[in-house]
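Student: Task: produce atomic coordinates for the following.
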Amino acid sequence: MKSTHLMKLDNTFYRYACSCGSPECDMWIDFEADEHGIISLNFYKTLTTADYYGTNFWITRMWKRFKLTVTMLFTGKLSVESEIVIKDGPHIQSLIDGLNEGINYIKESEKKDEN
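Tutor: Now for the predicted structure:
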């Protein structure tokens, strides 16, 4: 099967590691520019439900998961949140540096489009 790309996309992405050490907590930042000059900044993170807070009893955790599933099934809505653990100043600076690189990437992409 032949793959066809409808638009040429120019993008770059960065992995921002969580200080907890688990790769499941990492966040991905994606800068994307299409041929029409539309620029997107996307953040990707695996979100999980906090069914384990306050209990170690597995039946209680399963009941919380069941309630969340039923809520999603009947309302189409699910409220979840996630966090990135930031250890120190250099960790914050690395996020800022990644965003600044993204700004420079966007500027270069715009220059290419002008030429």
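Student: contacts and neighbour counts: CA atoms only from here.
Tutor: OK.
Student: residue ranges with poor pLDDT in the chain?
Tutor: Residues of the chain that meet the criterion pLDDT under 70 lie in 1-10, 37, 49-55, 113-115.
Student: one more time with 80, if that's ok
Tutor: Filtered on pLDDT under 80, the chain yields the residue ranges 1-13, 21-24, 31-40, 47-57, 78-85, 102-103, 105-115.
Student: Would you map the strands across it?
Tutor: 10-16, 27-33, 39-45 (DSSP state E).
Student: May I see the buried residues of the second one?
Tutor: Spelled out, it's strand 27-33. Neighbour counts over strand 27-33 (16 or more other C-alpha atoms under 10 Å) mark 27, 29, 30, 31, 32, 33 as buried.
Student: my read: the fifth one touches residue 102, true?
Tutor: No: judged on C-alpha atoms under 8 Å, residue 32 makes no contact with residue 102 at a distance of 9.2 Å.
Student: residue closest to the middle of this structure?
Tutor: Residue closest to the average C-alpha location in the chain (C-alpha atoms, centre = their mean): residue 44, at 1.3 Å.
Student: Let me know whether that residue touches residue 31 as I believe.
Tutor: No: applying C-alpha under 8 Å as the test, residue 44 and residue 31 come out as separate, 11.4 Å apart.
Student: For the residue nearest to the residue nearest to the centre of the chain when sequence neighbours are not counted, which residues are in contact?
Tutor: Leaving aside its chain neighbours, residue 44 sits nearest to residue 28 (5.0 Å; criterion: C-alpha to C-alpha, 6 or more residues apart in numbering). By C-alpha atoms under 8 Å, 6 or more residues apart in numbering, residue 28 lies in contact with 13, 14, 15, 16, 43, 44, 45.
Student: all helices of the chain, in order?
Tutor: Taking DSSP state H as the test, the helices found in the chain are 58-75, 89-114.
Student: any chance of those helices in TSV, plus distance to residue 21 and mean neighbour count?
Tutor: Below are the helices of the chain laid out as TSV (distance: least, C-alpha to C-alpha, whole Å; neighbours: other C-alpha atoms under 10 Å):
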stretch	distance to residue 21	mean neighbour count
helix 58-75	24	13
helix 89-114	13	14
